[in-house]
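Novice: here is my input, please return the structure:
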Amino acid sequence: MGGLEWSKVVQQHQGWRLIACIWLHAGVVHILANMLGLVFIGLRLEQEFGFLKISILYLLSGFGGSLLSALFIQNSISVGASGALFGLLGAMLSELLTNWTIYASKCAALGTLIFIIVINLAVGVLPHVDNFAHIGGFMSGFLLGFVFLVRPQFGWVNRKKCPQGYELDSAVKSKHNAYQYALWLMALILLIVGIGLTSVHGLVIINWKRGCRAHSSDLYFADILLDWLYSYVV
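Specialist: Residues are numbered from 1 along each chain as shown. Coordinates of the predicted model:
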């Protein structure tokens, strides 16, 4: 029904399962827990940054969680939006770091958020919980948060929206701090390099396996994504 199953993603080229599994759940308790988390985390981020940015971040984080889950869990089926939700938690952490100067209680906010993240990751050690999806989603959301959730620094004034007659200070602050640009650039480079290395490595491995007609149960992270893409491109 669309659950994340390693054999069908890799061997039957059903890559759509990497996204479809985000909307499937293992029961009423599972979906209620995820929806409760989405209400507390997702609504706040959506109100502050808009539907489009948070939707893209949610989907990409869920996709990243599915990829890591497919790499390490090959003998069971995985479903749920936990990877995407952890992506939102990761984005909240990177948003706090990149917009550090505008927060009043910085250490309290950081300590509370880290505590919530650690508790949720600790739940992943329970049986039948896919902690690899949690970690993959968190890592994806953390990097994406630096790219999508950058705020203007405190004291910046939008000249276009100033009323007539409003006198601006001669030393108007720039929209963003230098460290915000640095974090944005570093996160973007890590995302691009990661995708590039995954693509090159995956194509090499796939071509080698197809040429030798060999199959290994210990597949690399890139094989899961690229084997599916390769089947449609080549």
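Novice: and the contacts of stretch 109-125?
Specialist: 86, 89-90, 92-93, 96, 103, 129-131, 134-135, 138 (CB atoms under 8 Å, 6 or more residues apart in numbering). Where you see a C-beta, it was placed from the backbone N, CA and C, and this is true even at glycine.
Novice: please narrow those residues to those residing in helices.
Specialist: With DSSP state H as the criterion, helices contain 86, 89-90, 92-93, 96, 131, 134-135, 138 from among the contacts of stretch 109-125.
Novice: where does this protein have its least confident helix or strand?
Specialist: Ranked by mean pLDDT, DSSP states H and E, the weakest helix or strand in the chain is helix 221-233, scoring a mean of 52.
Novice: by neighbours, which of the contacts of stretch 109-125 wins?
Specialist: Counting neighbours by other CB atoms under 10 Å, residue 86 leads the contacts of stretch 109-125 with 31 neighbours.
Novice: if we can go back for a sec, so for the ones in helices among the contacts of stretch 109-125, which is the shakiest by pLDDT?
Specialist: Lowest in pLDDT among those is residue 131, which has 83.
Novice: returning to what we had before: tabulate the contacts of stretch 109-125 (CSV), appending distance to residue 47.
Specialist: Output for the contacts of stretch 109-125, formatted as CSV (distance: CB to CB, whole Å):
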residue, distance to residue 47
86, 20
89, 17
90, 19
92, 13
93, 18
96, 16
103, 17
129, 29
130, 29
131, 29
134, 24
135, 27
138, 22
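Novice: can you classify residue 15 as helix, strand or coil?
Specialist: coil (DSSP: H, G, I helix; E, B strand; the rest coil).
Novice: so how many other residues sit close to it?
Specialist: Residue 15, neighbours per other CB under 10 Å, totals 21.
Novice: run through the protein and note the low-pLDDT ranges.
Specialist: Filtered on pLDDT under 70, the chain yields the residue ranges 1-2, 5-7, 10-11, 152-174, 194-234.
Novice: what about the helices in it?
Specialist: Using DSSP H, the helices of the chain run over residues 6-10, 17-20, 28-49, 51-72, 82-98, 106-123, 131-148, 178-212, 221-233.
Novice: what's the angle from the fifth one to helix 131-148?
Specialist: Computed by axes from the mean of the first three to the mean of the last three CA atoms, to 10 degrees, the angle separating helix 82-98 from helix 131-148 equals 40 degrees.
Novice: list the helices and strands helix 82-98 packs on?
Specialist: Under the contact criterion of 3 or more CB pairs under 8 Å, 6 or more residues apart in numbering; DSSP states H and E, helix 82-98 touches helix 28-49, helix 51-72, helix 106-123, helix 131-148, helix 178-212.
Novice: how about those in JSON lines, adding distance to residue 16?
Specialist: Formatted as JSON lines, those follow (distance: least, CB to CB, whole Å):
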{"stretch": "helix 28-49", "distance to residue 16": "20"}
{"stretch": "helix 51-72", "distance to residue 16": "11"}
{"stretch": "helix 106-123", "distance to residue 16": "27"}
{"stretch": "helix 131-148", "distance to residue 16": "17"}
{"stretch": "helix 178-212", "distance to residue 16": "18"}
